[in-house]
Each structure stands twice: as C-alpha cells, then as structure tokens.
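1. based on what follows, work out the 3D shape:
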Amino acid sequence: MGELNIRSQSSREHRLTYINHLLDDIKSLEYMLKHNRIESDIIRLGAEQECCLVNNKWRPASNAKEIHEALDNHHFTTELAKYNIEINLDPFELVPSVFQKIKTQLDSLLKKAHKVSEEFGSKIVLAGILPSISMNELNLDYMTPEPRYFALNEMILKSRGADVRMQLNGVDELAISHSSMMFEACNTSFQMHLQINPNDFESAYNWAQAIAGPVLAAAVNAPLLLGKELWSETRIALFQQSIDTRKLSRAHLNQQARVSFGEDWVNGSIVDHYRNEVSRFPIILTREIEKNSFEEVLKGITPKLEALNLHNGTVYRWNRPCYGASKGKAHIRIENRYIPAGPTVNDEIANMAFWVGLMHGRTKAHEQLWEKMAFKDVKSNFLKAATHGAEAVMVWMGKQLNAKDLIVQEFIPIAKQGLEKLKIDSADITLFLGIICDRLNSHTGAQWIVKNYRKLKKTQTLDQASLNLTKGIYDHQWSGKTVSEWTTLDKDLHSENHASRVGHIMTRTIITANQSDSARLTVEFMKWNNIHHLPVLNDSGSLVGLITWSLLDTYWDDVHDIENLLCVEDIMIKEVVTVEPSTPIPEAFSIAKKLKIGCLPIIQNEQLVGIITNRDIARIENA
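-> Predicted coordinates:
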C-alpha cells in the first residue's frame, strides 16, 4: 500500500492490462526460481515499527503528516491515521550482533521521532492498541490525506456493499457498525521480515505457521478497545473485521477472508502459493505499470514484480510470504504481522529473537508437519493465544499444554538452539530469551494493562482511567525496564481532568425504556432503582422520548389507576434536546443550564450512545 498511484476503480482496459502484468509477474518469479536467480546464500532480518502519537492530554494526536515532513528521513512514513507513524528499519545480515544492531537503530530513530514530535506538542507511545482512542478519532477527519488510504477505504466499503460491522466478545462485548475502515487504525504492530531460502519455502512457511500461537501468547499487548476488555491481543479480531470485504448473505457461501491465518498447510513453492492467492482473492486495487517484468528477466534484470506485490499487499496473511528486489538482487522473506507494538523496545527485540531462533531451530523432527499436527490445531492455537494470551491451553505434537509450559519447556530450548546455530552472541541469547521467560513468570503487556485499568476504574471515570493508563504506559516505556519489571500504577498519581468533549464524560451504560412499555412498571422501576432520567426508544432503537423524575409526581396517580392503561409514550417528553459525543463540554453545559434541563442524551449516527446529567455537570465544575 506504499504506492500513491493505486486505483480502486479503473477502466476495463486498465484492469485487463494490470492483470496481464500480474500474470507475467508470476511467470517471471517461476523463471527466476527455476534458474536460481533468487538469493539463497544469505539471511537478512528487518522490521517495521508502528507508533502511536498522543497530544499533551494523552489523547490521539492529529499531526503525523507534519511530524513526518519535519523528520525528513526515508526511514519514516505516514500510516492510515493522523495519529500513527511508521519506522522502517534497514535490513541487517544475521551476524552475531544482529539484534543489538537492530535495537541500536530503532532506539536512535525513536529518539529522533521523540524529539521532533515534542516540537509539535506530541509524544510517541508503543501500544498494540492505544487505550485512549475513542470514537471521536475513528472518523475520516483523522485519516491521513493520501489517495491510497481513501482508495482502500472506498474499495472495502464497495466490496462489502454496506457499513463495516464488528462483533468482538471478551470479558466485555463490543458490537458496532461503522462507515469507514478507520477501526483498522487502532492497530499498531512490530512487523518482522525474515529472509528465507526460496527452495525451503514450503517447510519454512509451514513451520512459521506452527509456531505462531505460542509466539503470540508470549507477546500479547492489546487487551482494550474503546474502554472494553476484549481479547489479550484484540488486534487479531479487530483487523480481520475492520477490513473484511465479504458481503453478508442469507446463503451459506464459502467466502474467503482477506485477513486470515490460513485454511491448510501450504504445498509447493512460493509460486504455487501466489497462484493460489490470485485464484482465491479478487483483484481489488490496480495501478499503472510501465515495464514488463518477464522481458526484464530475460534481459538479466531483476524485476520489482509491482503487480504481484500490490495484489499480495491486499491479502493480509498473519504470516505473509513476500518477494523483494534490492540492489539488483531478488529475495523471498516471511513477514510476521501478528506481533503488537511495545511494551518496550527491549521486549520487541526479545520477541524478534525468540521468533528468529525458533525459525532456525527447526529440526528434521519438525519436517512434514502435516503428518504430525492437524492444521486446525495450529490455527486454534493462534486464536487461543490472541484470545487468552499466556493463559491459553494449546495442542502441540499431540499433547495438550498451557501456553506458559509449552513455551518454557519446548519453545525456549528450540529458540536457543536456533540462535546458537546462527552464532548469535551468547550474551544476547541469554538476555532476550530471558526477557521472554521473565514476562511469563511475571506478566505480559496485556496482563499489566488489564490489571491497572481495573484498578484505575475503581476511582476514576472510564475516560480518566484510559488517559492515565496511556500516560502510565508512556512513563514505564522509557524507564529502561522491560514489561515484566513494570510496577502497578498509583491510582491517585495522575488525577488531572483532560476531558474536553461530552463523549469523554458521558455515561455509556444506559438503561432505557421502550415507548410501548407499561407506564406503571416503568415509573415503579425508576423509583426502585433511583433513576432520575430514562431515555425512551422505539422498536428501531431510535430515541423518541424521555421520562424524568419530575414526571413521576405528575403522572403517579394516573399510572396507578387501573382504569388507565397507559404506555410510556403516553407520559414521556417527546421533544428531547440532544448533543453529540464531539460537542464541547462547556457548550453542552450551557445548553442544559439555559434550557433548565437535568440531562442531555448523547446521539451518534442516529443512535443513543450515552447520557450526561446534572450530577456530571456538578462533578466536572467542582473538579
């Protein structure tokens, strides 16, 4: 998605021309593979660091483009949202000090980004999902103004034929419909690229799939979204649902998700894999391509395979096979896309060392995995890891083990063996694998976040808790300690109120009545539960009225008269004053005081999403 001249819509001629280039790219790759034109005698390792930008109130910032321009460095690029920025690290050869080299470059680039960001009043936070993101930052106003992002958004909505609908279930539940793909912007990751021998593709890729569950279980760092506790690594479900292009149907259609772990073990070469992907997934983006890749191959030129790479970029495998060309040489790599950003740079490098060690610790006993493990078990392990993290129970080589025991007893020794085979410095092996073990014996990023969020919520509003949690992550992140050493947040440490909009202070859990409900039961219910303001909805879920405490005296005798069969709609206030989540707090308070009303329902996209009352006004004004 890095190209600017992609198209979501194109003429018939343009589309067919692009398809011809795509087919030629596959033909070129097959030729290069057959004639040993792809590197097989060297191993390189690279990464992409996605970062969140927050303002001085710990909310998502909106100045990534300005910061990117000020950085003026090819290692940095913008992302989907104005509060995200990406750092592209150089590829490093797998020499004994490779992990320290990567860490040194990442630290240096983050330091540079920190300095420039602070000049713009922003800070950088590494988080799988930023706790302080709200619905306010998930509209198109926060999309980075680049054509490729709007083209992708247009393509997703067009393919679905409807709004993006998501259903995420964890400790809490989040069910929501959204008119753009901006929920995808919540996700930030530490994507790792490992070059492989093209002749080893089948075994290497299947092994990458097999180890994904336990690797993710040790790295989870994204348990919250919009204040809801969902999966230990909510990014996995959120990414799939936020850019799902499948249409809803009453028929039982076997539609393939473009974000997927996979359905079975791969067979054959990377060419066979790409043929399968092109066959299964419709072409949704095109671009103009000037050079014919197969003509270049025959001339001895290493082609970019632009059409193939564009299509591959629209199929979001959690382990994604990639083709690349650099300095006249072609290579094949596996892109690990499931590791979250953070909690610290050292934790990320430890995740990388663990994964690379496992990839190279594969032995003959791990060949022909399809004879030893069911792919469904491998996929199940991955989903269990995303859902439960280090607390998951997994199946490995026919045995059932909890994730912690599986990692410590089976995977750490394999990773150590792989790193030793690569001749990685022994001190680094001890350091980075030790970080993984310490995390399992103490807490993962996800466990630390959940524990502290629950503690903060006991004395703070959800909005305050989310802001303070974000600040707590930032403070710990640059303390030099890995997440296993992070201490519990002081619930009273950061009490400053940074609420500025109604959505920051509204009550989200709302009790409502239906307009056809019994009036008598409704007023009794309000009295029993000391409810002073009760929104009334119709059968479509739209706000149509309001019952207030002051109405109870007015209608008490009427609703208790057994001769009067009154419904809620007979006694409710029908003209209800409302505001939106984005309404500034002073404006909402002014409306309430001017009209002398005790509450304001909050409406977003014609749906009731919250309410503020006189109690909220008094609490904020007295804070």
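
2. separation between residue 104 and residue 11?
-> According to C-beta to C-beta, to the nearest Å, residue 104 and residue 11 sit 49 Å apart. For the C-beta atoms, the positions are set from N, CA and C on the backbone; glycine is no exception.

3. which residues of the stretch 501-623 of the chain fall in strands?
-> For the stretch 501-623 of the chain, the strands defined by DSSP state E, counting those that start in this stretch cover 513-514, 533-537, 543-548, 599-604, 607-613.

4. try the stretch 301-450 of the chain
-> 316-317, 319-326, 329-336, 393-396, 399-402.

5. pick the most buried one from the ones you listed.
-> strand 329-336 (a mean of 21; mean count of other C-beta atoms under 10 Å).

6. that strand - what's its average pLDDT?
-> On average, the pLDDT along strand 329-336 is 98.

7. next, the angle strand 319-326 makes with that strand.
-> Angle between the axes of strand 329-336 and strand 319-326 is 150 degrees (criterion: axes from the mean of the first three to the mean of the last three C-alpha atoms, to 10 degrees).

8. how about low-confidence regions in this protein?
-> Scanning the chain for pLDDT under 70 picks out 1-10, 160-162, 244-255, 491-498, 562-563, 621-623.

9. how about 50 then?
-> Scanning the chain for pLDDT under 50 picks out 1-4, 248-253, 495.

10. which elements pack onto the single longest strand found in it?
-> Taking DSSP state E as the assignment, the strand of the chain that covers the most residues is strand 44-55. Packing partners of strand 44-55 (3 or more C-beta pairs under 8 Å, 6 or more residues apart in numbering; DSSP states H and E): strand 84-88, strand 92-93, helix 98-119, strand 122-125, strand 190-196, strand 329-336, helix 345-360.

11. now do that strand and strand 84-88, the angle between them.
-> Going by the same axes, to 10 degrees, strand 44-55 makes 160 degrees with strand 84-88.

12. check contacts around the most centrally placed residue in the chain.
-> Residue closest to the mean C-alpha point of the chain, counted by C-alpha atoms, centre = their mean, is residue 187 at 2.4 Å. Residue 187 makes contact with 50, 128-129, 222, 235, 238-239 under the criterion C-beta atoms under 8 Å, 6 or more residues apart in numbering.

13. out of those, which sit inside strands?
-> Residues of the contacts of residue 187 located in strands (DSSP E): residue 50.

14. now, the most widely separated pair of the contacts of residue 187?
-> Spatially, the most separated pair among those is 50 and 238, at 14.1 Å (C-beta to C-beta).

15. who's more crowded, these two?
-> Each of residue 50 and residue 238 has its neighbours counted (other C-beta atoms under 10 Å); residue 238 has more, 24 against 21.

16. distance-wise, check that one relative to residue 219.
-> Going from residue 238 to residue 219 by C-beta to C-beta gives 16 Å.

17. do residue 430 as well
-> 19 Å.

18. mind checking how far stretch 18-25 is from the chain centre?
-> Computed by C-alpha atoms, centre = their mean, to the nearest Å, the chain-centroid distance of stretch 18-25 equals 32 Å.

19. and what of stretch 584-597?
-> With C-alpha atoms, centre = their mean, you get 36 Å for stretch 584-597.

20. CA-only coordinates of it in PDB, if you can.
-> Taking Å, rounded to 0.1, in the frame of the first residue of the first chain, the C-alpha atoms of stretch 584-597 are listed here in PDB:
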ATOM      1  CA  PRO A 584     -17.500  20.600  23.700                       C
ATOM      2  CA  ILE A 585     -18.300  20.200  27.400                       C
ATOM      3  CA  PRO A 586     -18.900  23.900  28.000                       C
ATOM      4  CA  GLU A 587     -21.300  24.100  25.100                       C
ATOM      5  CA  ALA A 588     -23.300  21.200  26.500                       C
ATOM      6  CA  PHE A 589     -23.400  22.600  30.000                       C
ATOM      7  CA  SER A 590     -24.500  25.900  28.600                       C
ATOM      8  CA  ILE A 591     -27.400  24.300  26.800                       C
ATOM      9  CA  ALA A 592     -28.500  22.300  29.900                       C
ATOM     10  CA  LYS A 593     -28.400  25.400  32.100                       C
ATOM     11  CA  LYS A 594     -30.100  27.700  29.600                       C
ATOM     12  CA  LEU A 595     -33.000  25.300  29.000                       C
ATOM     13  CA  LYS A 596     -33.100  24.200  32.700                       C
ATOM     14  CA  ILE A 597     -33.000  20.600  31.800                       C
END
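
21. now that stretch: buried residues?
-> If you call a residue buried by 16 or more other C-beta atoms under 10 Å, then stretch 584-597 has these buried ones: 585, 588-589, 592, 597.

22. just checking, which of these belong to helices?
-> Secondary structure from DSSP state H places 585, 588-589, 592 of these in helices.

23. tell me the contacts of the closest residue in space to residue 168 that isn't next to it in sequence?
-> Nearest in space to residue 168, with sequence neighbours left out and distances taken as C-beta to C-beta, 6 or more residues apart in numbering, is residue 174 at 4.5 Å. Residue 174 sits next to 166-168, 225-226, 228, 230 when contact means C-beta under 8 Å, 6+ apart.

24. turn the contacts of residue 187 into a markdown table, including distance to residue 36.
-> Below are these laid out as a markdown table (distance: C-beta to C-beta, whole Å):
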| residue | distance to residue 36 |
| --- | --- |
| 50 | 35 |
| 128 | 40 |
| 129 | 44 |
| 222 | 42 |
| 235 | 38 |
| 238 | 42 |
| 239 | 37 |
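
25. closest to residue 343 among the contacts of residue 187?
-> Of all the contacts of residue 187, residue 343 sits closest to residue 128, with 8.9 Å by C-beta to C-beta.

26. re the thing from before, between the buried residues of stretch 584-597, which sits nearest residue 426?
-> Of the buried residues of stretch 584-597, the one sitting nearest to residue 426 (C-beta to C-beta) turns out to be residue 585, at 57.3 Å.

27. ok, the closest one touching residue 499?
-> Yes. Between residue 585 and residue 499 there is a contact under C-beta atoms under 8 Å: 6.3 Å.

28. now for the two: what residues contact both?
-> Between them, residue 585 and residue 499 share these contacting residues under C-beta under 8 Å, 6+ apart: 505, 620.

29. quick one: neighbours of the residue nearest to residue 440 when sequence neighbours are not counted, just the number.
-> Leaving out its chain neighbours, the residue that sits closest to residue 440 by C-beta to C-beta, 6+ apart is residue 404, at 4.9 Å. A total of 19 residues lie near residue 404 under the criterion other C-beta under 10 Å.

30. kindly report the same for residue 130.
-> The burial count for residue 130: 32, using other C-beta under 10 Å.

31. same check, this time on residue 511
-> Neighbourhood size, residue 511 [other C-beta under 10 Å]: 13.

32. now do the phi/psi pair for it.
-> The phi/psi pair for residue 511 (degrees, to the nearest 10) reads phi -90, psi 130.

33. who's the residue nearest to residue 539 when sequence neighbours are not counted bridged to?
-> Leaving aside its chain neighbours, residue 539 sits nearest to residue 514 (7.2 Å; criterion: C-beta to C-beta, 6+ apart). Beta-bridge partners for residue 514, by DSSP bridges, are residue 537.

34. correct me, but residue 591 touches residue 599?
-> No. If you go by C-beta under 8 Å, residue 591 and residue 599 don't touch, sitting 11.2 Å apart.

35. with that, I have no additional questions.
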